[in-house]
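K.L.:
got a structure for you, letters missing:
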């Protein structure tokens, strides 16, 4: 207990540091590369003097000890980036005839590392194959003697030709945008009038890129007031240097919120997150260029706003990838791959049949990402592989399969890499709001603290090679209720405990977890009781069953009265009565009349048993659930949708087993039977899957909808999370019936703590129970 209190105290200190990130300005690293291009801008009054001499001074004062320029402690994965920043800095100093010693040190560094410029295992910043050879040409113009092997230089020039040739295979709009963005690498070939007309933003910049903006000032628009004011505003803000992209506040803050949510610790910062999202929504409504002129920012803004209940149209997002042309120009650029990944994540949030363009974008982005995975040679460097891992995870675990606790664990293990805090455009940059180690430390401690609470509720044991989870509290309840004496009943405590912990994971929801798991066990036992048939059950078994049910309902009703301030016993009883009646109807169908598909769906959404499991837990999750909301058509519809999804997924996976057993009361069987033999099994499954997809979209719409909703968001989310649990249970087979299928997920959520994988982070060991009862799946 003392150790747990120490961990909680440590967590509070970390949380305070994270809160300060919300209240302070976004911190952004400055860029040697962009500062060098700004330093090269000549004075509009006298071309032999720099317009921004303070940038020249900054370069003289910020060369690194090894002779390079770039981020301090630059990553060995980013040598091309370092070479690019170093060469740009050398050119700037050479242009103004200063820093001879600095130039020589820089050239020495480049000579030692120049082979990396064509090393495919090194990551290439955006436009590197155009910009770097362009700088080599500029070095000749400045009569700068470069100590490089001619073969390497020739290889780079050849790469530039290939890159330009590839660009001209794209559609004109995508080609013009990309080549304009990398204008500093091809100043003599550029149509500067077109660039300024099409791509200058309201803040005076080109693409919010200081380097591109400086190149325009240097090579064409020497006195453009917008460009000059943009750069001067950056120097006023950042001192004598500039970042590689600005403004980027919205993107960085949204990335931070996204990280908090994916790490599973956003619930600690609800107020701070709401403030950022309110401001982002205001910018969305105003058409802010920060959002709508950048693919990744628009995609993440749409996704985070929509999932948090803000009313945002998908039209601006689909415009970015109109006709799929955007994806033609992404290959080979990490920024493009990241953009495509964000588009894919965002395009899964379809909430209406009218969003056909968003559906099309989802298919296009998914196809592009799958092609990317299959073409591994293009992404052979280690930094790209980090993003490829994210792509692989996103495709393997789409929105409907992304169960929070499992997703958080995967993201925690993926989060702390050498390159997780780095973003790469034409050069690399970092921010304390992105890749922050405090986020990781809190996530690990929070995950393990929550898990230790589950372990107070749950004790694991291994019996005859089959994993059996027995809850200390559940076990007492099972014994006292006599449920262990029911030989006909399946013991599914593991799965009920898992779905409860995975869905209701925060510490204060212990009562809700217990309600969820107990009712899950009881619904399974009653299902088996009905399957066995009354004639096979003695009166003692009936007494045990209904006594356990009575006591459990009474216990939950007492807990709910404390939280809700009213007696909800009648509603709890109604849910159980509905389930029992529906179960008897289904049992009757299996013996006599065959229902229609519609009759089956009307009954099966009740027999899936989410009434007792989820509906009863709603009274224990925190917010007040009024009588009106509890009996509203809104909540009934949500209940029906979530249940339909789960039951139909189960029907698809159990179809063969049930057919072999002679059972025909199954959605797939009924579709085939009532079609008069014209529908095949494959067609019936396909039709059912389309129906499930439409039910998921409708459910998500109701969950995120705030206007006109009377059901608390926390209550609605339970049904959405339950739909995800159902997808996980029935992903490949009837996971609820096949114990080994789910065991790793159960262990990851409930049992195995996140160990000391990174220095100073994590518990540094497992729970004592883990050491004593090691599980092998």
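P.N.:
Now that the structure is in, tell me what you want to look at. Keep in mind that this is a model prediction, so the values were computed, not measured.

K.L.:
pLDDT score assigned to residue 678?
P.N.:
The model reports residue 678 with a pLDDT of 93.

K.L.:
what do you get for the one 3 residues further on?
P.N.:
Among the per-residue scores, residue 681 holds a pLDDT of 94.

K.L.:
same thing with the one 4 residues further on?
P.N.:
Reported pLDDT at residue 685 in the predicted model: 95.

K.L.:
What are the contacting residues of the helix or strand hosting it?
P.N.:
Under the criterion of DSSP states H and E, residue 685 resides in helix 681-704. Helix 681-704 has contacts (Cβ atoms under 8 Å, 6 or more residues apart in numbering) with 306-309, 349-353, 400, 634, 637-638, 641-642, 644-645, 648-649, 651-652, 655, 667-668, 671-672, 675, 679, 709, 713, 716-717, 719-720, 723. Yep, even glycine has a C-beta here, placed from its N, CA and C like the rest.

K.L.:
buried sites along it?
P.N.:
Across helix 681-704, burial judged by 16 or more other Cβ atoms under 10 Å covers 684-685, 687-688, 691-692, 695-700, 702-704.

K.L.:
of those, closest to residue 197?
P.N.:
For the buried residues of helix 681-704, the residue nearest residue 197 by Cβ to Cβ is residue 704; the value is 39.8 Å.

K.L.:
Name the residues of the helix or strand containing residue 12 that come out as buried.
P.N.:
For residue 12, the host element (DSSP H and E) is helix 2-23. For helix 2-23, burial by neighbour count (16+ other Cβ under 10 Å) applies to 11, 14-15, 18, 21-22.

K.L.:
Quick check: closest non-adjacent residue to the residue nearest the centre of the chain.
P.N.:
By Cα atoms, centre = their mean, the mean C-alpha position of the chain lies nearest to residue 262, the distance being 5.6 Å. The shortest distance from residue 262 to any non-neighbouring residue, by Cβ to Cβ, 6 or more residues apart in numbering, is to residue 411 (4.6 Å).

K.L.:
Off-centre distance for the strand or helix carrying that neighbour?
P.N.:
According to DSSP H and E, residue 411 maps onto helix 404-415. Mean-position distance between helix 404-415 and its chain equals 10 Å (Cα atoms, centre = their mean, to the nearest Å).

K.L.:
same check, this time on stretch 239-251
P.N.:
The answer for stretch 239-251 is 25 Å, by Cα atoms, centre = their mean.

K.L.:
Can you pull out the residues in contact with the helix holding residue 411?
P.N.:
Helix 404-415 is contacted from outside by 259, 262-264, 389-390, 393, 397, 420, 435, 439-440, 443-444, 447, 501-503, 505, 721, 728, 745, 748-749, 754, 757, using Cβ under 8 Å, 6+ apart.

K.L.:
Return the list of strands paired to whichever helix or strand comes after it, each annotated with direction.
P.N.:
Where DSSP H and E defines the elements, the next helix or strand beyond helix 404-415 is strand 422-424. Applying DSSP bridges to the sheet, strand 422-424 is found paired with strand 428-430 (antiparallel).

K.L.:
any idea of the mean pLDDT for the strand it pairs with?
P.N.:
The predicted model gives strand 428-430 an average pLDDT of 92.

K.L.:
ok, now stretch 548-567?
P.N.:
Model confidence over stretch 548-567, given as mean pLDDT, is 96.

K.L.:
same question, stretch 79-96
P.N.:
For stretch 79-96, the mean per-residue pLDDT is 97.

K.L.:
Kindly report the same for stretch 755-773.
P.N.:
Mean per-residue pLDDT for stretch 755-773: 38.

K.L.:
all strands of the stretch 151-300 of the chain, in order?
P.N.:
For the stretch 151-300 of the chain, no strands turn up when DSSP state E, counting those that start in this stretch is the criterion.
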